[in-house]
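Colleague: What follows is a predicted protein model with its sequence.
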Amino acid sequence: MRSSPSMQRRGLSLTMIRRSARSKGGNDDGNNGNNSNNRNSGNLSVPRGQLETNLEANMDRIKSEVAASPDLIVRRFTLRTAQHQHVAAVYLETITDKEAVNEFVMRSLMSPFLPETPPEEGTSPEEAFKYICDNALAVGQVEVLDNWTTMLLELLTGKTLLFVDGWDQCVSCSTIGGDKRAVSEASTQVVIRGPKDSFTESLPTNIALIRRRIRSERFGFEATKIGRVTQTNVAMLYIDGIVKEEIKQEVRKRLAKIDTDAILESGYIEEFIEDNWSSPFPTIYNTERPDVIAANLLEGRIAILVDGTPFALVVPTILPQFFASAEDYYQRYDIGTFLRLLRYASFIISLFGPAVYIALTTFHQEMLPTTLLINLSGAREGVPFPALIEAFAMELSFEILREAGVRMPRAVGQAVSIVGALVLGEAAVQAGIVSPIMVIVVAITAIANFSIAAYNLAITARLLRFLFMIAAGTIGFYGIILGLIMLVAHMNSLRSFGVSFLSPLVPLKFKQMKDVFVRMPHWSFTERPDDTTDNTTRMPSGQKPQT
């Protein structure tokens, strides 16, 4: 071993540090260890092996292997030692905290007032390297690296690397920075009462938001890198003692199997690890709210956070999660129950509204009161299309307007979607293309769809709505009932990491029905769902307020 036993870096021997670096970056011969994370983090275009002892050789190799990068900074300087050891600091200024580099790395190394004076005679590269590790750096996280692949990965992450001429290792200093968005209010899951913060594109910031809510030593996360080119940081969060070990192992296994060149958003991860890729129903929940993630972790679920996106994934997922809003638990239980039932009703209206109208006006007019039937017939007089074509035309037009409103600049997007719908509907009625009642049905259906708490479930309802419209236009209510039977059978077959998608309805569990269609008071939630945890005891019973 080249380093002496006395060489220590912040209380750890340099030998242990070297082993840690090798375990992360692979073996000296270029073969990675048995860790699946290392398999994913290896970029096939980057040569492997150890660093050179010659400082200039290392600098030339870095410049040659890092593609055209004007933001690559190489700062050379000389230590105040008897041998005047040459040192180089390398970092990418666009993703590095330049203030931290200047104050805690460069200034510490170049200051004449150092905490310990290095030996004045016989200062070797090894001793200079030890001196830098032990005394000269005022940063919190320092790591010794001797593997080329790991070194490049640390550089591209935003860390500062220090090289000493004559020594074949480098020091990695945690100086990750760069521009990032500040924590702001959630844009997709807005609440009136409750926390206003939301996730950002920074993974450390997102984990910090969770830690502020779960101050427990059992809260932990496992970090990995996925994507041969992007090297995206992915974190799996859970609470030990609550999460089921088999679920944790399954999530870890599915993440380790991902072998692709790029992960740019959590949606990539979702498609790689979901159970039923062909189902229109999402079996993985996503949210940008830290309080929602914390609540799910406390129920034994696992959260997956991806660097570069504010949307986190939650597994396992059940259908009732998509109808629950964070505000349900911050308002009184009776208000939360009413709002939740309203969302279930909105989902039903969004799914079956136009189909029921088509079935009634086309096949089952006898089910309508005579007065209403006469009014509907009068309203449809002069309309050249059957109800099915009429509904399809209006629904497609509204979907186009809604998509245009989303993609256009925010200042004009809402105006386009609202005014466009009003103008288009009025013009279509005046032209005799559609009936006024059809405009009302489409408008109610669209508003009901906006009331669904989860955006991805709302999209599912919009897609399935067209299938039910076709079924209703073919054989009326018989088609709707047949489609409903097939839909329920399909939902019953869905699983999310071994958990039934319709749980606790299928299989029926009365004890867990307190938070499905209704939201019971918090003092009644004495148990956690047994689908996601073996530690079902949440709180002792008998906490109901005494009157």
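Modeller: Ah, there it is. Note that this is a predicted model, so its numbers are computed, not measured.

Colleague: does residue 453 count as helix, strand or coil?
Modeller: coil (DSSP: H, G, I helix; E, B strand; the rest coil).

Colleague: count of residues packed around the nearest residue to residue 186 once chain neighbours are set aside?
Modeller: Closest residue in space to residue 186, ignoring its immediate chain neighbours: residue 198 at 3.8 Å, by C-beta to C-beta, 6 or more residues apart in numbering. Glycine gets a C-beta too; all of them are placed from N, C-alpha and C. Per other C-beta atoms under 10 Å, the neighbour tally for residue 198 reads 23.

Colleague: so what's residue 198 scoring on pLDDT?
Modeller: Here the pLDDT value assigned to residue 198 is 95.

Colleague: Please report the distance of it from residue 481.
Modeller: 41 Å (C-beta to C-beta, to the nearest Å).

Colleague: same thing with residue 547?
Modeller: 47 Å.

Colleague: Give me the more crowded residue out of those two.
Modeller: residue 481 (13 against 3).

Colleague: centroid residue for the protein?
Modeller: The residue lying closest to the centre of the chain (C-alpha atoms, centre = their mean) is residue 312, at 2.3 Å.

Colleague: tell me the phi and psi of the nearest residue to that residue once chain neighbours are set aside?
Modeller: Once flanking residues are discounted, residue 312 sits nearest to residue 305: 4.9 Å by C-beta to C-beta, 6+ apart. Note on residue 305: backbone dihedrals following degrees, to the nearest 10 are phi -110, psi 140.

Colleague: Would you confirm that the residue nearest to the centre of the chain contacts residue 302?
Modeller: No. Assessed by C-beta atoms under 8 Å, residue 312 is found out of contact with residue 302, at 10.5 Å.

Colleague: Show the pLDDT at residue 414.
Modeller: Predicted confidence (pLDDT) for residue 414: 67.

Colleague: same deal with residue 31?
Modeller: At residue 31, pLDDT is 37.

Colleague: What of residue 81?
Modeller: 66.

Colleague: And for residue 132?
Modeller: We have a pLDDT of 83 for residue 132.

Colleague: neighbours of it, just the number please.
Modeller: 25.

Colleague: Return the set of buried residues in stretch 90-98.
Modeller: By 16 or more other C-beta atoms under 10 Å, the buried positions in stretch 90-98 come out as 90, 91, 92, 93, 95, 96, 97, 98.

Colleague: domain ranges for this structure?
Modeller: 55-113+122-173, 203-317, 332-500 (the TED database).

Colleague: Including distance to residue 516, could those go into CSV?
Modeller: Conversion of the domains of the chain to CSV gives the following (distance: least, C-beta to C-beta, whole Å):
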stretch, distance to residue 516
domain 55-113+122-173, 43
domain 203-317, 13
domain 332-500, 9
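
Colleague: element containing residue 458?
Modeller: Secondary structure from DSSP states H and E places residue 458 in helix 455-475.

Colleague: pLDDT averaged over that helix, what's the number?
Modeller: 95.

Colleague: same thing with stretch 266-273?
Modeller: 96.

Colleague: List the contacts of it.
Modeller: Contact with stretch 266-273 is made by 226, 234, 251, 254-255, 257-258, 260, 262-263, 277, 282, 284, 286, 304-306, 309, 311-313, 315, as judged by C-beta atoms under 8 Å, 6 or more residues apart in numbering.

Colleague: Going through the residues you listed, which ones are buried?
Modeller: For the contacts of stretch 266-273, buried by 16+ other C-beta under 10 Å: 226, 234, 251, 254-255, 258, 263, 282, 284, 286, 304-306, 309, 311-313, 315.

Colleague: Now do the same for the closest residue to residue 495 other than its chain neighbours: helix, strand or coil?
Modeller: In space, and not counting its chain neighbours, residue 495 is closest to residue 275: 5.1 Å by C-beta to C-beta, 6+ apart. What three-state DSSP gives for residue 275 is coil.

Colleague: What of the one 3 residues further on?
Modeller: At residue 278, secondary structure determined by three-state DSSP is coil.

Colleague: how much space between it and residue 490?
Modeller: 10 Å.

Colleague: Please say which of those two ends up with more neighbours.
Modeller: residue 490 (14 against 5).

Colleague: show me the contacts for the more buried one.
Modeller: Residue 490 touches 279, 281, counting by C-beta under 8 Å, 6+ apart.

Colleague: do that again at 10 Å, thanks
Modeller: Residue 490 makes contact with 276, 279, 280, 281, 501 under the criterion C-beta atoms under 10 Å, 6 or more residues apart in numbering.

Colleague: Please apply the same query to residue 132.
Modeller: Per C-beta under 10 Å, 6+ apart, neighbours of residue 132: 9, 79, 85, 87, 105, 108-109, 118, 142, 144, 162, 164, 167, 171, 173.

Colleague: Can I take it that it is in a strand?
Modeller: No. Applying three-state DSSP, one finds residue 132 to be helix, outside a strand.

Colleague: Give me the neighbour count for residue 427.
Modeller: Residue 427: 11 neighbours (other C-beta under 10 Å).

Colleague: A strand includes it, no?
Modeller: No. Going by three-state DSSP, the assignment for residue 427 is helix, not a strand.

Colleague: next one: the helix or strand that residue 486 is a member of to chain centre, how far?
Modeller: Secondary structure from DSSP H and E places residue 486 in helix 477-493. A distance of 32 Å separates the centroid of the chain from that of helix 477-493, by C-alpha atoms, centre = their mean, to the nearest Å.

Colleague: go on, stretch 193-201?
Modeller: 14 Å.

Colleague: Common neighbours of residue 312 and residue 302, please.
Modeller: 237, 296.

Colleague: What's the first helix or strand after the strand or helix carrying residue 60?
Modeller: Using DSSP H and E, residue 60 sits in helix 55-65. Downstream of helix 55-65, the next assigned helix or strand under DSSP H and E is strand 72-78.

Colleague: Report the mean per-residue pLDDT for that following strand.
Modeller: 89.

Colleague: Sheet-wise, list the partners of the next helix or strand after that strand with their directions.
Modeller: Downstream of strand 72-78, the first helix or strand assigned by DSSP H and E is strand 86-92. Using DSSP bridges, strand 86-92 pairs in its sheet with strand 72-78 (antiparallel), strand 160-164 (antiparallel).

Colleague: Name the stretch among those strands that sits most buried.
Modeller: Highest mean neighbour count among those (mean count of other C-beta atoms under 10 Å): strand 160-164, with a mean of 26.

Colleague: the inter-axis angle of that one versus helix 55-65?
Modeller: 140 degrees (axes from the mean of the first three to the mean of the last three C-alpha atoms, to 10 degrees).

Colleague: The very next helix or strand once past strand 160-164 - contacts with which helices or strands?
Modeller: Next helix or strand after strand 160-164 toward the C-terminus (DSSP H and E): strand 170-173. Under the contact criterion of 3 or more C-beta pairs under 10 Å, 6 or more residues apart in numbering; DSSP states H and E, strand 170-173 touches helix 14-25, strand 86-92, strand 142-145, helix 148-157, strand 160-164.

Colleague: Let's see the distance spanning stretch 199-213 from one end to the other.
Modeller: End-to-end span of stretch 199-213 (C-alpha to C-alpha, to the nearest Å): 13 Å.

Colleague: same thing with stretch 364-372?
Modeller: End-to-end for stretch 364-372, by C-alpha to C-alpha: 13 Å.

Colleague: And the contacts of that stretch?
Modeller: With C-beta under 10 Å, 6+ apart as the test, stretch 364-372 has contacts from 356, 359-361, 373-377, 437, 472, 476-478.

Colleague: still on that earlier bit, tell me which of the buried ones among the contacts of stretch 266-273 fall in helices.
Modeller: 251, 254, 255 (DSSP state H).

Colleague: What's the mean pLDDT across stretch 324-336?
Modeller: 93.
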